[in-house]
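Asker: Fold the following for me, if possible:
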Amino acid sequence: MEPSKVEITLTINKVCQTLAVEPGETLLAALRRASYFSVKTGCDDGTCGVCTVLVNGRPIHSCKMKAVDLDGAEITTIEGLNEGSTLHPLQEAFVETGAIQCGFCTPALILTAKALLDRNPDPTDDDIRKALNGVLCRCTGYVRGVDAVHRAAAMLRGETLAPYTHLEQPLPDQDEPVALPEAFYRRNGDKHPLPPLVVTPKGMAPTRIVGKSEVKVDARKLAMGRPVFTDDLHLHGMLYGALLTSPHAHARIRNIDASRARALPGVHAVLTHHDIPRVKYASGGQSYPQPLPYDQVSLDDKVRHVGDRVAIVAAETPEIARQALDLIEVDYELLPAIIDPECAMQDGAPIVHDEPDTEGIYDAQHNIVHHIAAEVGDVDQAFALADHVFEGEYRTPKQQHVHLEPHACITYFDENERLVIRTSTQVPFHIRRMVAPLIDLPIKRIRVIKPRIGGGFGNKQEMILEDLCAHLTLATGRPVRMEYTRTQEFNSSRSRHANIIRYKIGIKDEQVTAASLYLIGDTGAYGAHALTVNMVGGFKGLTLYNAPNTRFISDVVYTNTPPAGAFRGYGAMQCEYGIEVMMEEIATQLGLNVVDFKRKNWLKVGESMHLSKALGEGREGTEQTLLTSGLEQCVRIGMEATGFEAKRQDHQGQQGRYRHGIGMAVVMHGSGIAGLDMASATLKMNDDGSFNLLIGATDLGTGSDTVLAQMAAEVLDIPLDDIIVYSSDTDFTPFDKGAYASSTTYISGGAVRKAALQIKAMLLEHAALILNVCDPSDLELKDGRVTGPDGRFVTLGEIGLSSLHQRDQHQIIATASHTSPLSPPPTAAQFAEIVLDTETGHIEVERLLMVVDCGRVINPTTAAGQVEGGMSQALGFALTEEMLFDAEGQPLNADLMNYHVPRALDMPVTDVIFVQTHEPSGPFGAKSVSEIAIDGVAPAIASAIHDATGVWMRQLPYTPERVKAALQG
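Answerer: Prediction:
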């Protein structure tokens, strides 16, 4: 034992063990070093709770406890909860209910719930939410988790439970009244989680595997805490990388001295801008060619925001790496910082990018990285002819993703001297292409592996650590691991673009005839997604009401703040917030019923989307027409479920401190990038009639592995567990552009369906040989067998054996690719009910209901989880989340103590209803679902605030201070 270490005895999962630990080592570090990888790291200050374990039966944040103080304690981690392959009822319930999305926080939630049920076998909703409140979950909105704890409690009490699934009912005709299951009316104030309701038009073709709430294919391993995430792999000889970041928002590096750091024992490499070639790139993971400008290098001699890259270190331990960072001496020439985008465009403002070697900046002297302009119709004449012209300005905040798994990366050379990058990324194929020129290796010598991702939401659609980690492996020849701290996630990763949104709307005969939008986007210090986010925002924000005379102008601006990038909603949610609030303001001023006014003007089936050609995504787009929409039915059902009109009537003339409000918004999104996104899939048959599905698509908790497997199983008419899914390895899976732009179900699903149809044809051909049938079209594939017209049949297992070993030997395998010239929009109606305290300005949201048309719902339970999680993130966007900076660009709330993400107790009743449509361009009629879920909450809450108080609020988030100020005039 090393002299500085102390031996302690712990009973871990009922096994007595002796561990040698450092005196100051946390229990978290000691457990992970002992290979209990289910215990996760998610923050710097003990606020996230993903490190929770049971200590003597009590849930404890293991990062807050010193291991030496627990000598003799009994520790339970999730690895010890199940017995062999038999899951504990809590694990089983989390699997069945769809409570597991990314799975990073799942062990902590399950252990916390176990401690609750050990002391309280029949908890209430509030009991469960109080217990879970110490563990953050960014994916789910907690709805399915609360339901899972109720279900597990019932199992432990010995109750018999029906299989967990969604609810279904037919869509009534337009002239028929809507009648929903009684629970969806919430008349008695019940807060119990409801399963999703799927409302289906009469005559929609039935399916067998698609449309079912199948258990996620990865749920069991996540419930058991298996080591599946990037940082759960520890290689022999692995070094630990660390990143030195800038303490200043704007400065030049006059000199950097790393000699003391290099001399520190245990340090193997220290790299600065002097040691790495200056190769320009853009960090956003987008298809080739990425939009200009390429305004970054791996390490630069100028820093442009607090948290910008300065130097990197590789050392034997994380502690030595941190010590080395402290020994690097940097002489900064401080420069004036600019943090306000409007001020950044003024003459004489500090220039964020004054380097001479960056091409593609629109106006560097005024910090304008992109100027976007598009117009259709005769906008000026339409405004001149309008009966009324309205203008409004709306502001949205810089929001952090707060995925619980920090960015993590491990790089190493394999036995063939090829560089392997194991990384938590949404875009493995883009990463391989982007990192190659930075490290001067050809693509063929790089392999990127995407393990399980602990949430991403767009922040992992970016090259964050991969180039740095690779540089350290190249310098040392050793495996290197790098991981961000939570503070670095705030200061050194990406965020949502803050926007200033200025609409001008012309109305004639109650119809929107003219619309213009001037959009200012704050891209922060670098512009990787500057063009595309703001272009998408303008397109979606102006297409929702689709005026024939429309103008869009946007200036996207550099500031000395951490870079903005991709974030779920991708510009659309900001601009749709502005237009939705403004449309209700217009209806109110004109004395019109807001729902009728919006209904008269929203985008209708058969209408051309006027800006679709002018505004693609970073380029000219393609002509788009709305082919399907269930928006009318979504609004109708949502109004019925909430009693919208009656409550609006009741709220008129409210007095007193507490005011009730109900609001609504309609939203649309997209399904992939039309004419650009491409995905591929490979299906391969095994000897027993099962299939390997190889996909490049990345599942970051969305359930895409499951959804894509369901599509293959549907075509082949086999059980889901006969599909073995392997995803996202650039050596072994076919290309997929990655998980972004709400494209996986629509684009990747299209590729899977094509491949499965090819396999089906091969199965029929081989069965025809076995059955001696001349025409394969006379055969039927059903229930895992191929049957001939005379009733004779052959099983898929027999076909597998025959094709591989006996008759006409060959591998039954197919690869297919898919693109689409279309990006069919899902549509939705969002409802919000609030109670507003007029004395404090505090808003309590009592209920969120989203009624969604995402085409055919492939898996209602996983889709509902996406919608619930999206509403949770949107609730933070609306009420509490905003990255704050002082005048010098110093972050003011770059931690989870001061940046307030909704927790279990903050979440209201959250309900989801799906109205199915059949999108002809989508696989099995599907459109996207993940991103639209985040678009409607903020405008619905603005609508509810006005209903409660008569006040319009136009700047998010609606903090108590802002609400109180607005109420005071």
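
Asker: what about stretch 136-152, average pLDDT?
Answerer: Mean per-residue pLDDT for stretch 136-152: 97.

Asker: How far away from the center of its chain is it?
Answerer: 17 Å (Cα atoms, centre = their mean, to the nearest Å).

Asker: Just the CA trace of that stretch, in PDB.
Answerer: Extracted C-alpha coordinates of stretch 136-152, given in PDB (Å, rounded to 0.1, in the frame of the first residue of the first chain):
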ATOM      1  CA  LEU A 136     -31.600  15.600 -11.500                       C
ATOM      2  CA  CYS A 137     -33.000  14.100 -14.700                       C
ATOM      3  CA  ARG A 138     -32.800  16.200 -17.700                       C
ATOM      4  CA  CYS A 139     -34.300  13.800 -20.200                       C
ATOM      5  CA  THR A 140     -37.700  12.600 -18.800                       C
ATOM      6  CA  GLY A 141     -39.600  15.300 -16.900                       C
ATOM      7  CA  TYR A 142     -39.900  12.600 -14.100                       C
ATOM      8  CA  VAL A 143     -43.400  11.500 -15.200                       C
ATOM      9  CA  ARG A 144     -42.500   7.900 -16.100                       C
ATOM     10  CA  GLY A 145     -40.100   7.800 -13.100                       C
ATOM     11  CA  VAL A 146     -42.900   8.600 -10.600                       C
ATOM     12  CA  ASP A 147     -45.100   6.100 -12.300                       C
ATOM     13  CA  ALA A 148     -42.400   3.500 -12.100                       C
ATOM     14  CA  VAL A 149     -42.000   4.000  -8.300                       C
ATOM     15  CA  HIS A 150     -45.800   3.500  -7.900                       C
ATOM     16  CA  ARG A 151     -45.700   0.400 -10.000                       C
ATOM     17  CA  ALA A 152     -42.700  -1.000  -8.100                       C
END
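
Asker: Going forward, the N-terminal residue is numbered 22.
Answerer: In the new count, where the first residue is 22, that last one comes out as stretch 157-173.

Asker: Can you list phi and psi of T931 for me?
Answerer: phi -130, psi 110 (degrees, to the nearest 10).

Asker: let me redo that: C64
Answerer: Main-chain dihedrals, C64, degrees, to the nearest 10: phi -150, psi 180.

Asker: For burial, what's the neighbour tally of it?
Answerer: By other Cβ atoms under 10 Å, the residues close to C64 number 23. No exception for glycine: its C-beta is placed from N, CA and C like everyone else's.

Asker: how about the helices of the stretch 322-471 of the chain, start to end?
Answerer: Along the stretch 322-471 of the chain, counting by DSSP state H, counting those that start in this stretch, helices occupy 339-348, 362-365, 400-406, 449-460.

Asker: can I get these in JSON lines with mean neighbour count?
Answerer: Shown next, in JSON lines, are those (neighbours: other Cβ atoms under 10 Å):
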{"stretch": "helix 339-348", "mean neighbour count": "18"}
{"stretch": "helix 362-365", "mean neighbour count": "18"}
{"stretch": "helix 400-406", "mean neighbour count": "16"}
{"stretch": "helix 449-460", "mean neighbour count": "22"}
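
Asker: In TSV, list those helices along with distance to A536.
Answerer: What follows is these, written out as TSV (distance: least, Cβ to Cβ, whole Å):
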stretch	distance to A536
helix 339-348	51
helix 362-365	22
helix 400-406	8
helix 449-460	34
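
Asker: ok now do A51, which residues does it touch?
Answerer: A51 sits next to 40, 42, 88 when contact means Cβ atoms under 8 Å, 6 or more residues apart in numbering.

Asker: List just the nearest of those residues to C64.
Answerer: C64 lies nearest to A88 out of the contacts of A51, by Cβ to Cβ, at 18.7 Å.

Asker: was I right about the closest one contacting T47?
Answerer: Yes: using Cβ atoms under 8 Å, A88 is in contact with T47, at 6.6 Å.

Asker: Counting neighbours, go ahead and name the busier of the two.
Answerer: Taking other Cβ under 10 Å, A88 and T47 do not tie; A88 has more neighbours (27 against 20).

Asker: now the more buried one: how far from K35?
Answerer: For A88, the distance to K35 (Cβ to Cβ, to the nearest Å) stands at 19 Å.

Asker: do D361 as well
Answerer: Separation of D361 from K35 (Cβ to Cβ) stands at 58 Å.

Asker: between the two, which one's more packed in?
Answerer: The neighbour comparison of D361 against K35 (other Cβ under 10 Å) goes to D361, with 15 against 9.

Asker: so how far is the first residue of stretch 919-928 from its last?
Answerer: Start-to-end span of stretch 919-928 (Cα to Cα, to the nearest Å) is 18 Å.

Asker: what do you get for stretch 640-657?
Answerer: 37 Å.

Asker: and that stretch, what's its mean pLDDT?
Answerer: 94.

Asker: For V984, which non-adjacent residue is closest in space?
Answerer: Leaving aside its chain neighbours, V984 sits nearest to G862 (3.5 Å; criterion: Cβ to Cβ, 6 or more residues apart in numbering).

Asker: In contact with the one you found: list those residues for me.
Answerer: The neighbours of G862, taking Cβ under 8 Å, 6+ apart as the test, are 980-986, 988.

Asker: Okay, strands next: where are they in the stretch 622-771 of the chain?
Answerer: With DSSP state E, counting those that start in this stretch as the criterion, the stretch 622-771 of the chain has strands at 679-689, 700-706, 712-716, 744-748.

Asker: what comes up buried for the third one?
Answerer: Taking 16 or more other Cβ atoms under 10 Å as the basis for neighbour counts, the residues of strand 712-716 that come out buried are 712, 714-716.
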